[in-house]
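Engineer: Fold the following.
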Amino acid sequence: AAMRTKSGKAAVLATINQENPFTNEIWATAPVMEKFFQSGSTSNIPAAPTRVRMLWDDKYLYVGYENYGAYATGIQAATEYADAGYGWKDGTDDVKTFISPDPDPGNGMYCYFGNPNNLHCSCFKSYSGSPIPDFSSQNTENTAARIFIGNSVNHNRWIFIQAIPFHHIGITGPANSKTE
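Structural biologist: A predicted model of the protein is given here:
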């Protein structure tokens with residue numbers, strides 16, 4: 001579940017500059033999601049520990065990823081976009097947020113990708129065709145990334161925060177009981 005915030009995009013993204021962004025009062029009450037499963041099953045996804053928090057306001061859904069692990073010193077993050085306009089030419093460390101504007105996810109979903117080098121892109125993926133890239137998403141105004149290297153597994157992490165505009169996913173107008 002996402003928590004409502006009145007802080008605004010600039011303040012939410014600016015938390016990336018703190019040593020522990022998610023202890024900031026902006027994020028502190030947002031529920032933490034730590035269990036992730038393979039789509040369509042009850043099998044856990046084998047990955048380094050990841051924590052996800054979500055906030056929202058009238059314009060954006062904010063998704064904050066905290067990716068832990070000894071691997072942080074050897075992050076394999078992409079440094080270039082793929083020629084197709086979404087995805088990467090190199091590197092495998094990234095986060096993906098999938099959102100369906102339709103209650104039937106079989107009708108397609110929006111995919112928002114990001115990595116520790118603050119490369120990010122989005123596309124719409126329908127099940128009847130290839131992903132449709134959204135080239136306008138390759139700017140840094142809606143994301144923030146930072147790598148933290150410490151002296152233990154619990155301190156080695158990378159953080160990525162996305163601000164996904166609600167109008168991208170078909171939600172327009174003020175929050176109401178259906179969108180809240």
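
Engineer: so what pLDDT did L13 get?
Structural biologist: At L13 the predicted local confidence, pLDDT, stands at 92.

Engineer: quick one: which helix or strand includes it?
Structural biologist: When secondary structure is defined using DSSP states H and E, the element that contains L13 is helix 9-14.

Engineer: after that helix, next one along is what?
Structural biologist: strand 50-56.

Engineer: Count residues in the vicinity of T92, would you?
Structural biologist: Burial measure for T92: 10 neighbouring residues, criterion other Cβ atoms under 10 Å. No exception for glycine: its C-beta is placed from N, CA and C like everyone else's.

Engineer: Count the residues that sit near the closest residue to D94 other than its chain neighbours.
Structural biologist: Spatial nearest neighbour of D94, excluding adjacent residues (Cβ to Cβ, 6 or more residues apart in numbering): N115 at 4.2 Å. Using other Cβ under 10 Å, N115 has 23 other residues around it.

Engineer: Next one: N115, what pLDDT does it get?
Structural biologist: Reported pLDDT at N115 in the predicted model: 80.

Engineer: now swap in the one 10 residues further on and tell me
Structural biologist: K125 is assigned a pLDDT of 72 by the prediction.

Engineer: Equivalent analysis for A70, please.
Structural biologist: According to the model, A70 carries a pLDDT of 53.

Engineer: Look up which residues are beta-bridged to the spatially closest residue to H120 that is not a sequence neighbour.
Structural biologist: On the basis of Cβ to Cβ, 6+ apart, the spatially nearest residue to H120 that is not a chain neighbour turns out to be G114, at 4.0 Å. The residues paired with G114 through beta bridges, assigned by DSSP bridges, are V95, H120.

Engineer: Surely G114 touches T143?
Structural biologist: Yes: the pair G114 and T143 passes the contact test of Cβ atoms under 8 Å, sitting 5.5 Å apart.

Engineer: Report the set of residues contacting both of these two.
Structural biologist: Shared contacts of G114 and T143 (Cβ atoms under 8 Å, 6 or more residues apart in numbering): 120, 160, 162.
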